[in-house]
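S.K.: let's see this in three dimensions:
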Amino acid sequence: MNMSKLINDKKIENGLTTIALPFDQPIETIMKEVVKVAIHTFSHYKKAEKGYMELLSNLRSPSEDARRIGEFYIPEFLSMTEVHDVYAMPVSFSNWRRGEAAINTFTVGSPFVGFGTYYPQDILNAILTGAAINKYAGVTNNPQTSEWLGYNKIRLYNYPADSLVFFVAKCDHEESGETIPASQEEAFKDLFELVLQKTLYNHLKNVNNHGSAFKEYQYKIDEWASADEQLKNMKKEWRDTAHLDDIEDTVQFF
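M.R.: So this is what the prediction gives:
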């Protein structure tokens with residue numbers, strides 16, 4: 001998603017190119033701050049997902065005692081934005097080598113498409129579903145599991161020291177909007193519109209008469225007065241349905 005284009009489009013749609021609003025900062029600066037708020041809000045319901053592989057031996061630990069009990073920091077690539085949750089699963093070197101040959105094809109059949117990359121949702125779901133099926137089928141008697149500890153730390157259980165570990169992180173989207181899937185762009189635009197209108201309304205509702213321009217933005221204030229209520233309704237709807245997109249709620253791990 002092109003945030004510069006989105007900001008320009010919303011300026012035009014809301015008539016912000018023709019009204020002299022009483023702000024100390026350019027409207028573009030205010031809208032960039034609105035982008036940050038909208039990204040963080042959107043990520044609460046529709047998180048970005050990243051995949052990353054790393055050798056366990058290369059992972060950092062808070063201390064040697066922590067390393068002995070399997071406590072590690074997640075790879076830095078995954079924590080470039082706020083992290084909400086992380087899962088880990090083992091990857092055999094044979095599987096990785098088979099997938100390595102298909103790096104450029106980016107298929108579901110070869111999910112291990114290199115280090116430090118973004119993964120489409122279907123690939124992540126395929127990996128997680130496969131892990132659940134393996135556990136259900138009893139493929140391993142002593143399965144490797146993980147526990148998200150927060151603060152960019154994870155606990156790995158039953159992982160050999162020479163393991164290759166695949167991490168899946170759920171985190172905030174990047175402010176550039178590049179991590180927002182095309183299928184979710186319209187939803188984000190709707191959210192951004194309401195956050196923008198709420199922000200402008202809260203800034204302008206108590207402004208006193210500023211000459212001839214007052215009537216122009218007073219009309220806009222009246223238009224934006226319902227934005228807060230609409231935003232609350234949107235959040236409630238997303239809160240009630242967000243779990244439907246979550247693989248954890250549709251796959252039972254054993």
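S.K.: ok, residues contacting the host helix or strand of residue 155?
M.R.: Applying DSSP states H and E as the criterion places residue 155 in strand 153-157. Residues outside strand 153-157 that contact it (CB atoms under 8 Å, 6 or more residues apart in numbering) are 56, 62, 69-74, 86, 88, 144-149, 163, 165, 167. Placement of C-beta: from N, CA and C, glycine included.
S.K.: following that strand, which helix or strand comes up?
M.R.: Next along the chain after strand 153-157, taking DSSP H and E as the criterion, comes strand 164-171.
S.K.: which strands and helices lie in contact with that following strand?
M.R.: strand 48-55, strand 83-91, helix 121-137 (3 or more CB pairs under 8 Å, 6 or more residues apart in numbering; DSSP states H and E).
S.K.: name every strand pairing with it and say which way it goes.
M.R.: strand 48-55 (antiparallel), strand 83-91 (antiparallel) (DSSP bridges).
S.K.: extract the C-alpha set from the shortest one and format it as PDB.
M.R.: So the one you mean is strand 48-55. What follows is strand 48-55 as a C-alpha-only set of coordinates in PDB (Å, rounded to 0.1, in the frame of the first residue of the first chain):
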ATOM      1  CA  ALA A  48       1.300  -8.800  10.200                       C
ATOM      2  CA  GLU A  49       2.900 -12.200  10.000                       C
ATOM      3  CA  LYS A  50       6.600 -12.800   9.300                       C
ATOM      4  CA  GLY A  51       8.600 -16.000   8.900                       C
ATOM      5  CA  TYR A  52      12.200 -16.400   9.700                       C
ATOM      6  CA  MET A  53      14.600 -19.400  10.100                       C
ATOM      7  CA  GLU A  54      17.700 -19.400  12.200                       C
ATOM      8  CA  LEU A  55      20.100 -22.000  13.800                       C
END
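S.K.: and whichever helix or strand comes after it, how far out from the chain middle?
M.R.: Using DSSP H and E, the next helix or strand after strand 48-55 towards the C-terminus is helix 64-68. Put simply, helix 64-68 sits 30 Å off its chain's centre (CA atoms, centre = their mean, to the nearest Å).
S.K.: what's the answer for stretch 42-52, then?
M.R.: With CA atoms, centre = their mean as the basis, stretch 42-52 stands 2 Å off its chain's centre.
S.K.: may I see the buried residues of that stretch?
M.R.: Neighbour counts using 16 or more other CB atoms under 10 Å place 42-43, 45-52 of stretch 42-52 among the buried residues.
S.K.: who's in contact with residue 28?
M.R.: Neighbour list for residue 28: 7, 11 [criterion: CB under 8 Å, 6+ apart].
S.K.: the closest residue to residue 30 other than its chain neighbours: neighbouring residues, count only.
M.R.: Of all residues not flanking residue 30 in the chain, residue 23 sits nearest, at 6.3 Å (CB to CB, 6 or more residues apart in numbering). If you count neighbours by other CB atoms under 10 Å, residue 23 ends up with 13.
S.K.: do residue 21 as well
M.R.: That count, for residue 21 with other CB under 10 Å as the rule, works out to 18.
S.K.: surely it and residue 204 touch.
M.R.: Yes: taking CB atoms under 8 Å as the definition, residue 21 is a contact partner of residue 204 at 7.1 Å.
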